[in-house]
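Colleague: Let's see this in three dimensions:
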Amino acid sequence: MIPDGFTPGGAAAYAGLLTHRLGHATQILTSYGPDFQFASQFVGLDLHVVPSATSTVFENIYQPDGQRTQYLHSRAALLTPADLPPHWQSPKTALLGPICDEVSFEFLDFFASQNTVTCACPQGWMRQWDAQHRVSPKPIADWSVLAKADLVSMSEADVAGDWELIRAIAKQVPLLVVTQGAAGATVFEAGVATHYPAQKVEEKSPTGAGDVFAASLLLRFAEGRDIGRAIDFAQQIAAAHVAAGHFFSTLQ
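Modeller: The predicted model follows:
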């Protein structure tokens, strides 16, 4: 929700369109209701929609100091592996991008059994909301649940810059990538941290940057499991994204 209406968003939208624009056959499992206005944005993608009475709607209110208050006005259906169409079996890659704790952890076991290279983006599993719909952080009780993902991609902002917690998470997952905005990204692999500086660009809009970073990271990592090469590619794509300042087509 924006002041003059609505705009599309969310990990599935950003990552799915980015993957499609890079020339890959792309499938999106999602859920929305009859109030969703943006299906035309995803022409050319294999989109499977779980029916819902309403669509997921967030509202972000920014304060003068840059702090954000977020509200979740409505939520679409929950997603499980049973919702996947049969012809989607054994994909080469899969990105799990929950935005309001609506994606089952069962997908991790499912894709592990399919030998699919999987990236988990935990931000959406770390959101809760109160009776007034105001969103607040929620910790993941057991980070080892993500150990079956080949990659975990998150922002330091997801844990309020708590690097002690980040190092603890890194001990429980095989490969953790922590984005740091203009400061770059840090990779934790086998207990070793490696920092990669970001490309310097003039930022017009950071919205969706984490999603396009994760999608491009996953695609390149799946080609040869070279994390350094994958980070370089993902940073190029993310830099181009924040410098462009727009992503979705203008709606008529």
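Colleague: what's R75 in contact with, if anything?
Modeller: T54, T56, C100, E102 (CB atoms under 8 Å, 6 or more residues apart in numbering). Placement of C-beta: from N, CA and C, glycine included.
Colleague: The last one contacts L96, correct?
Modeller: No. Using CB atoms under 8 Å, E102 is not in contact with L96, being 10.9 Å away.
Colleague: and these two? which has more neighbours close in?
Modeller: Neighbours were tallied for E102 and for L96 using other CB atoms under 10 Å; the higher tally belongs to L96 (26 against 20).
Colleague: any idea how far the more buried one is from A131?
Modeller: From L96 over to A131 the distance is 28 Å, taken as CB to CB, to the nearest Å.
Colleague: just D226 next, same as before
Modeller: 48 Å.
Colleague: Same list as before, the contacts of R75 that is, but in JSON lines and with pLDDT included.
Modeller: Formatted as JSON lines, the contacts of R75 follow (pLDDT from 0 to 100):
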{"residue": "T54", "pLDDT": "96"}
{"residue": "T56", "pLDDT": "97"}
{"residue": "C100", "pLDDT": "97"}
{"residue": "E102", "pLDDT": "97"}
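Colleague: tell me what the helix or strand encompassing F111 is packed against?
Modeller: Assessed by DSSP states H and E, F111 sits inside helix 106-113. Helix 106-113 is packed against strand 93-96, strand 117-120, with contacts defined by 3 or more CB pairs under 8 Å, 6 or more residues apart in numbering; DSSP states H and E.
Colleague: what packs against the first one?
Modeller: The one in question is strand 93-96. Counting by 3+ CB pairs under 8 Å, 6+ apart, strand 93-96 packs on helix 106-113, strand 117-120, helix 209-224.
Colleague: So which of those is nearest L17?
Modeller: Checking the helices and strands packed on strand 93-96 against L17 by CB to CB gives helix 209-224 as the closest, at 8.7 Å.
Colleague: For that closest one, buried residues please.
Modeller: The neighbour-count check on helix 209-224 (16 or more other CB atoms under 10 Å) flags 209-222 as buried.
Colleague: go on, stretch 126-145?
Modeller: M126, R127, W129, V135, W143, V145.
Colleague: Select from those every entry located in strands.
Modeller: Among the buried residues of stretch 126-145, the members found in strands (DSSP state E) are R127, W129, V135.
Colleague: Identify the bridge partners of the second one.
Modeller: I take that to be W129. Beta-bridge partners of W129, counted by DSSP bridges, are V135.
Colleague: That one is in contact with D101, isn't it?
Modeller: No. If you go by CB under 8 Å, W129 and D101 don't touch, sitting 9.3 Å apart.
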